[in-house]
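In: Build me a structure from this.
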Amino acid sequence: MFTNGDIIYQWITYADADQTAGYVGAVGCKIEVGDFTKTKADQWDTVVNMASNSTDVAGKKWYK
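Out: Residues are numbered from 1 along each chain as shown. Below is the predicted model:
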């Protein structure tokens, strides 16, 4: 399904019911097929729209 060098990126967004600072954000994980040493996780504190058409995501690519 994937070939070496392909990048898989998964994310979740989270928030408590009151949108309390410190409890709102997103976590993402990048894995490069064939080289798991290039795995990376990122976390954002604040509301982050991870939809493919959001300005936080649209047009951005992993280069390294």
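
In: And the residue with the largest distance to the centre of the chain, what's its pLDDT?
Out: Going by Cα atoms, centre = their mean, the residue of the chain most distant from its centre is Asp18, 23.1 Å out. According to the prediction, Asp18 has pLDDT 88.

In: Pull up the gap between the closest residue in space to Lys40 that isn't next to it in sequence and Ile7, please.
Out: Spatially, and ignoring its direct neighbours in sequence, Lys40 is nearest to Lys30 (4.6 Å; Cβ to Cβ, 6 or more residues apart in numbering). Glycine gets a C-beta too; all of them are placed from N, C-alpha and C. Taking Cβ to Cβ, to the nearest Å as the measure, Lys30 falls 6 Å from Ile7.

In: cool, and Ala15?
Out: From Ala15 over to Ile7 the distance is 27 Å, taken as Cβ to Cβ.

In: what residue lies at the spatial centre of the protein?
Out: Computing the C-alpha centroid of the chain and ranking residues by Cα atoms, centre = their mean puts Gly28 first, at 2.8 Å.

In: can you list contacts of stretch 34-50?
Out: Among residues not part of stretch 34-50, those counted as contacts by Cβ atoms under 8 Å, 6 or more residues apart in numbering are 3-5, 11, 13, 15, 19, 21-22, 24-32, 55-57.

In: Which among the residues you listed count as buried?
Out: Val24, Gly25, Ala26, Gly28, Ile31, Glu32 (16 or more other Cβ atoms under 10 Å).

In: buried residues in stretch 32-44?
Out: Neighbour counts using 16+ other Cβ under 10 Å place Glu32 of stretch 32-44 among the buried residues.

In: Need the CA coordinates for it. CSV is fine.
Out: Extracted as CSV, the C-alpha positions of stretch 32-44 are listed here (Å, rounded to 0.1, in the frame of the first residue of the first chain):
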residue,chain,number,x,y,z
GLU,A,32,8.4,7.7,7.0
VAL,A,33,7.8,4.3,5.4
GLY,A,34,11.1,2.3,5.4
ASP,A,35,12.9,4.4,8.0
PHE,A,36,11.2,4.6,11.3
THR,A,37,14.1,6.5,12.8
LYS,A,38,12.5,9.5,11.1
THR,A,39,9.4,9.3,13.2
LYS,A,40,8.4,12.7,14.7
ALA,A,41,5.7,13.9,17.0
ASP,A,42,4.5,17.5,17.3
GLN,A,43,2.1,19.1,19.8
TRP,A,44,0.3,22.5,19.5
